[in-house]
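> sequence and predicted model, in that order:
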Amino acid sequence: MLLKPVLMHIPDGFLSVVVSIILWVVTIAVVAYALKRLSAELGERQVPLMGVLAAAIFAGQMLNFTVAGGTSGHLMGAAIATILLGPWAAILVMTCVVGVQALIFQDGGLLALGANIFNMGLVGVAVSYAVYQTVKKLTGGRKWGLFVGGALAAWFSIEIAALGVGLQLALSGTSPANLAIPAMAGIHALIGLGEALITVGALAFLYASRRDLLEAGSSAPQGGWLVWAAGLLIALALAVASPLASANPDGLEWVAEQKGFLDAAQGPLYHIIPDYVFPGVSNEGAATIIAGIVGVLIVFGAALALAYTRRKRTAA
Amino acid sequence: MHLHFLDPYQERRSPIHAADARIKLVLALAFILTCALAPAGAWPAYILLGVLILVVEMFSELGVGWVLKRSALVLPFVLAALPVIFTLPGEPLFRFSIGSWVLQASQPGLERFASIVLKSWLSVQAAIVLASSTPFPGLLAAMRAIGLPRLLVAVFGLMWRYLFVLVDEALRLMRARSARSGYDQPGRRTGGSLAWRASVTGGMAGNLFLRAIERADRIYMAMLSRGYDGEVRSMPMPALRRAHWLVVGFGIALLAFILLLANLFKG
Amino acid sequence: MSHHSIEINDLSYAYPDGHTALRNVSLNLAPCEKAALVGPNGAGKSTLILHLNGILAGQGQVKVAGLMVGKDTLGQVRARVGVVFQSPDDQLFSPTVFDDVAFGPLYQGLPPDEVRRRVDEALAAVRMAEYAGRVSHHLSTGEKKRIAIATVLSMRPEVLVLDEPTAGLDPRARRTLINLLAELPITMLVSTHDMLMVREIFPRMVIMDEGRIVADGATKELMEDAALLEAHGLEKL
């Protein structure tokens, strides 16, 4: 039940340290700004509202419907959160959802959390907002514009975020660009369809029962042109960069190798030391064997210590 | 109905469980960072890190098998890294062909793949031990301690509190749906169209969100009734003692040492 | 005390959608008096309760513990009137029981030591001292209801107002709760359908119907008037 086909929660170990850190910095900056905007503008009722809606989106991600055979469609929720709450609150909500998934359920890594929040929270929300607002303006706020906008916002939020993931994996040297990017784009084009359908279904329900809620989220002046522009820029940038990267995987490999360059730069510093400190052990094979032996001894010792304390406890 | 199985926290009387949440969070993050910083192919370091987390798991009384079983979570994502065995240029190891495709594995490719898998596996174990040995309120305090803004921590806490309630509601909605999804004649195509099924699910999601919003109103009223004024207030955390700092210092020193070894003894 | 604990004078209220929920309601409760508010659903009982701590504001006067309920006195009013709502899940919103019971005193601006003392006091009053470290969502409904009362008692209010306290409880939890309410030496106004509880511990009964108070007097007498009870959706036991 906890395995969702949305392949976007990157575990630890798959992104290079450089990529992780850059995305952390961006995520922290944007979330901090979102917090400032929220505390300044909105009332006290926001804390319970954001908390419970974050829980609802987490729970909503468990709802599924059969697509074909054994596969099922699920919800990520950035689009619906943006439509209901506006972009800044939606960013906070998605940050909490992705955060709890990583911290408590190990759905996504802790170091990779910055990247995951960036993809599902920031990119997902910004792109949703840009698409939804654009369609709303173009259709003059008519009812069908609401649903088309919601569907498109949902699909794009998934697809663009997926492109981001593919690019990040390629930049980290984990996956070749000409495989990762098309694969992510292709799989999530279908998953995005599921997201669009569920989002429209949810919007239809809310439109029928509490139309005021739909108006509240999008008409507030909170988001403004900043998020709209960011969303548009991100979508365009990723849409352009991805096929380029995919067609020139060597270029990205070169970037990944620069990370190796960093490793190599540290090398000369350490080459002096081994022969003095560990004479005769600068050979990697020997080091591995020694580490293995030391390791076994430590584990053995720990097991003994544990057994001893347990015996003492039961005897007492 | 309580979804206890969703909550990873396992109550035990182990030194790991008793340790301060702030320390555990910092050390877990340091461990994962060490795994990330260790270069590809630094097998001695991976072994030592593996031993380290294994010993922690043993002392946590969570059951090494239990932790390892949960760590299988990362497996699906491993597929994403598999191609690198064949695409990274370097000393060729073996080759095989599928139809007209020729795949050639390289030594650096295999090394990088194995490193990714090991690093990922070690990191997730640390995260599992952290989440399973620390009650959530402790994690909230730890988040405040490392500097997360109070508003964010407050929203996080509220989300946690109602996570199980809402997941329970979602499961009940799905149970109601399946109770109405009967078949009477084998062979007859059932289930309606894809679009219909999706819209039913969407309606369930909308229902869930609506109930959540109305619940948020009631919670807000309860908060107001107890004097809530919009500011986030909480009790101060107990001060960290010298023993805490010593443990953190020792842990970080150990990890730094392993990292040093990793850089000394890589290929 | 020279004032009434609750003094409502000619209160009327209509919801934004036009529905008039309260019509010229007047009610006085003396300190340490225990009264039950009964009547059919939709009579306006919950709406009346929301006026007592200023969540709703209608036409007319509402005074609690001698204080006029208004925009600038909300903080003080809410410390003097403890309102316990029907659903305990919506009132236990903090990670642990301790945090929930500490919420009120914290927002009153009390120092940490005093907060801890109040929490211990309140949990002891509801006989749940061992529950301080527990996580709310693991508790049973009866336990949650008692904790919810503790979350309000920790503010040391003068008046306790409860909305349907025994709803949804099994017989044992209900008995525990009724005994608890009987013991608390505090002014109490309880909105309820549980007529057996009313007869047992509430000497005064106020019947509401369609936004008005239709009867207000000794429980023993009103309970005998079958015609009155039936006319307002209640049954004679």
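Received it, and whenever you're ready, just let me know what you need.
> what about the residue in chain C that chain B sits nearest to, distance to residue B:234?
Relative to chain B, the nearest point of chain C is residue C:107 (3.6 Å; CB to the nearest CB). C-betas here are computed from N, CA, C, even on glycine. Per CB to CB, to the nearest Å, residue C:107 is found 11 Å from residue B:234.
> what does residue A:32 give?
20 Å.
> neighbour-wise, which of these two wins?
residue B:234 (17 against 12; other CB atoms under 10 Å in any protein chain shown).
> so what's that one up against?
B:144, B:150, C:99, C:106 (CB atoms under 8 Å, 6 or more residues apart in numbering or on different chains).
> spell out the secondary structure type for it.
Following DSSP: H, G, I helix; E, B strand; the rest coil, residue B:234 is assigned to coil.
> so for the residue of the stretch 51-200 of chain B found nearest chain C, what's the pLDDT?
Closest residue of the stretch 51-200 of chain B to chain C, CB to the nearest CB: residue B:137 (4.2 Å). Note on residue B:137: pLDDT of 90.
> my read: it touches residue C:95, true?
Yes - at 4.2 Å, residue B:137 counts as touching residue C:95 under the criterion of CB atoms under 8 Å.
> now residue B:141. Nearest residue, chain neighbours left out?
Leaving aside its chain neighbours, residue B:141 sits nearest to residue B:237 (5.2 Å; criterion: CB to CB, 6 or more residues apart in numbering or on different chains).
> touching chain B at all, stretch A:101-116?
Yes - on the criterion CB under 8 Å from any CB of the partner chain, stretch A:101-116 is in touch with chain B at A:102-107, A:109-111.
> tell me the residues of chain C that contact chain A?
Residues of chain C lying near chain A (CB under 8 Å from any CB): residue C:93.
> now for the residue of the stretch 51-200 of chain B closest to chain C, how many residues are close by?
18.
> circling back: from residue B:230, how far out is the residue of chain C closest to chain B?
From residue C:107 to residue B:230 the distance is 10 Å (CB to CB).
> the more surrounded of these two?
Taking other CB under 10 Å, residue C:107 and residue B:230 do not tie; residue C:107 has more neighbours (19 against 13).
> residue C:205 belongs to a strand, doesn't it?
Yes - according to three-state DSSP, residue C:205 belongs to a strand.
> for the longest helix along chain B, the distance to its chain's centre please.
Looking across chain B with DSSP state H, the single longest helix is helix B:194-225. Here helix B:194-225 is found 26 Å from its chain centre; the criterion is CA atoms, centre = their mean, to the nearest Å.
> report the buried residues of it.
B:194, B:197-213, B:215-216, B:218-225 (16 or more other CB atoms under 10 Å in any protein chain shown).
> packing partners for it?
helix A:46-60, strand A:65-68, helix A:78-85, helix A:177-209, helix B:150-179 (3 or more CB pairs under 8 Å, 6 or more residues apart in numbering or on different chains; DSSP states H and E).
> mind giving me JSON lines with those and columns for distance to chain C and mean neighbour count?
Output for these, formatted as JSON lines (distance: least, CB to the nearest CB, whole Å; neighbours: other CB atoms under 10 Å in any protein chain shown):
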{"stretch": "helix A:46-60", "distance to chain C": "7", "mean neighbour count": "28"}
{"stretch": "strand A:65-68", "distance to chain C": "28", "mean neighbour count": "16"}
{"stretch": "helix A:78-85", "distance to chain C": "19", "mean neighbour count": "31"}
{"stretch": "helix A:177-209", "distance to chain C": "15", "mean neighbour count": "22"}
{"stretch": "helix B:150-179", "distance to chain C": "5", "mean neighbour count": "20"}
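> count of residues packed around residue C:233?
15.
> pull the contacting residues for residue 164.
Picked chain A for this. A:118-119, A:123, A:238.
> meant chain C actually
For residue C:164, counting by CB under 8 Å, 6+ apart, the contacting residues are C:86, C:191-193.
> between the helix or strand hosting the residue of the stretch 51-200 of chain B closest to chain C and helix B:150-179, how big is the angle?
Here residue B:137 sits within helix B:136-145, counting by DSSP states H and E. Per axes from the mean of the first three to the mean of the last three CA atoms, to 10 degrees, the angle that helix B:136-145 makes with helix B:150-179 is 140 degrees.
> elements contacting helix B:136-145?
helix B:21-37, helix B:150-179.
> for residue A:148, find the nearest of the ones you listed.
With CB to CB as the criterion, residue A:148 lies closest to helix B:150-179 of the helices and strands packed on helix B:136-145, at 26.3 Å.
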